[in-house]
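Novice: No letters, just coordinates:
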């Protein structure tokens, strides 16, 4: 079937697209070599899932080989969904550009011991093992069926990866400290077990909540890990750190009159920039959801905390916006404070932010981990967050 599909043409097309975009990391040429030697089709199941606009539809390699290959190699930025649970994706083959970027962030060297959390199909573990060497990679997968299938693929490739079934948030107890740790699912709070199981000076690369992926270095005393944002990649969340049930904007807004009306000279269009103000607000006010839309008057924004408060910034034809808000929190006022804080910090972008984890706390920071402004741990209850803490 592989010959009929002409899989090399699909691989080459994606490889060229990555090269044209500069998505292959120059500092880690081994990544491109590993992908060429271990292409993603060798680790994909025979059934993938495609969203048709209404529901997830199966795409089977036997029934629709061209559709299956097209889904798998659609673009550098598209993941291939490999499993559904309750009608929602629960596992995927990550998009190739992000896999390459995170592998580059890991700074992996031959012979280093690697812990991967979230085996999935086994493809990422395969790439890591080709770099680190046989017997150097341990991968943990919560889903027993996924773990078994991945273990078979990895064994067939002769890569010497140990696949464990268990809770990835607990790491791999009982193994020597790892030099590198990488997660393929997003966590709001970095599990302290990952830091405990990483050697001093070791590196941890993980997707962080809704923010992107971050690379942390474990301190020489093992009592903290800190590091910078690496990109905006989004991953499926951990199966153990459950998010609170969110209400929609319409449910919270209801039909009651707003509690407060006002105006601002600020342009809500800035809220739509995920690399600038949009990212800064997710750090400062991570429990808020901000949606923007554009019409003839300009860009407007709809904001909610997912529980009981809301705000709207309605574009004015003359510039700025009218503000309305309701609920126990004044979200337009909180937004104004965070916006001012971002300006005071010098308009930091994604790569100017970082994260620090200690045994007792986790906090984000901007510009400098020691002297820059800080924000408290992600995930504290609504209403308990404060503005940045000067250091």
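Specialist: Arrived safely. Just so it is clear, the structure is predicted and the values come from calculations on it, not from any experiment. Residues are numbered from 1 along each chain as shown.
Novice: Residue 282 in helix, strand or coil?
Specialist: Taking DSSP: H, G, I helix; E, B strand; the rest coil as the rule, one finds residue 282 in the helix state.
Novice: pretty sure it contacts residue 211?
Specialist: Yes - applying CB atoms under 8 Å as the test, residue 282 and residue 211 come out as touching, 6.0 Å apart. No exception for glycine: its C-beta is placed from N, CA and C like everyone else's.
Novice: Look up the closest residue to residue 190, ignoring the ones flanking it.
Specialist: Once flanking residues are discounted, residue 190 sits nearest to residue 357: 4.5 Å by CB to CB, 6 or more residues apart in numbering.
Novice: where along the stretch 1-150 of the chain do the helices fall?
Specialist: When assigned using DSSP state H, counting those that start in this stretch, the helices of the stretch 1-150 of the chain occupy the ranges 2-5, 7-21, 30-37, 65-72, 96-106, 123-132, 144-156.
Novice: Can you pull out the low-pLDDT segments for the stretch 251-391 of the chain?
Specialist: 377-391 (pLDDT under 70).
Novice: Could I get the full set of helices for it?
Specialist: According to DSSP H, counting those that start in this stretch, the stretch 251-391 of the chain carries its helices in the segments 277-284, 331-344.
Novice: Can you tell me which of the ones you listed is nearest to residue 371?
Specialist: helix 331-344 (13.9 Å; CB to CB).
Novice: Centre of the chain to the closest one, how far?
Specialist: 25 Å (CA atoms, centre = their mean, to the nearest Å).
Novice: Stretch 159-168 too?
Specialist: With CA atoms, centre = their mean as the basis, stretch 159-168 stands 21 Å off its chain's centre.
Novice: same question, stretch 139-154
Specialist: Centroid displacement of stretch 139-154 relative to its chain, using CA atoms, centre = their mean, is 21 Å.
Novice: what's in contact with that stretch?
Specialist: For stretch 139-154, contacts defined as CB atoms under 8 Å, 6 or more residues apart in numbering pick out 42-43, 45, 83, 90-91, 115-122, 125-126, 129, 161-168, 171-172, 239-240.
Novice: Check which residues of that stretch are buried.
Specialist: Within stretch 139-154, the residues scored as buried using 16 or more other CB atoms under 10 Å are 139, 140, 141, 142, 143, 146, 147, 149, 150, 151, 153, 154.
Novice: Over to stretch 296-307?
Specialist: The neighbour-count check on stretch 296-307 (16+ other CB under 10 Å) flags 298, 299, 300, 301, 302, 303, 304, 305, 306, 307 as buried.
Novice: before we move on, what about stretch 86-99?
Specialist: 90, 91, 92, 93, 94, 95, 96, 97, 98, 99.
Novice: Identify the farthest-apart pair in those.
Specialist: Largest separation among the buried residues of stretch 86-99 by CB to CB: 90 and 97, giving 21.9 Å.
Novice: my guess is residue 362 contacts residue 187, does it?
Specialist: No - with contacts counted by CB under 8 Å, residue 362 stays clear of residue 187, the gap being 10.1 Å.
Novice: Which of those two has more residues huddled nearby?
Specialist: residue 187 (22 against 18; other CB atoms under 10 Å).
Novice: now the strand ranked longest in the chain: mean pLDDT?
Specialist: What stands out as the longest strand in the chain, according to DSSP state E, is strand 198-208. What strand 198-208 shows for mean pLDDT is 97.
Novice: Would you mark the buried spots in that strand?
Specialist: Using 16+ other CB under 10 Å as the test for burial, strand 198-208 gives 198, 199, 202, 203, 204, 205, 206, 207, 208.
Novice: Give the other helices and strands that that strand contacts.
Specialist: Using 3 or more CB pairs under 8 Å, 6 or more residues apart in numbering; DSSP states H and E, the elements in contact with strand 198-208 are helix 96-106, strand 178-183, helix 192-196, strand 212-218, strand 225-231.
Novice: repeat that for 7 Å
Specialist: Strand 198-208 is packed against helix 96-106, strand 178-183, strand 212-218, with contacts defined by 3 or more CB pairs under 7 Å, 6 or more residues apart in numbering; DSSP states H and E.
Novice: quick one: contacts of that strand?
Specialist: With contact meaning CB atoms under 7 Å, 6 or more residues apart in numbering, strand 198-208 is reached by 102, 105-107, 177-183, 185-187, 190, 194, 213-220, 222, 225, 233, 235, 355.
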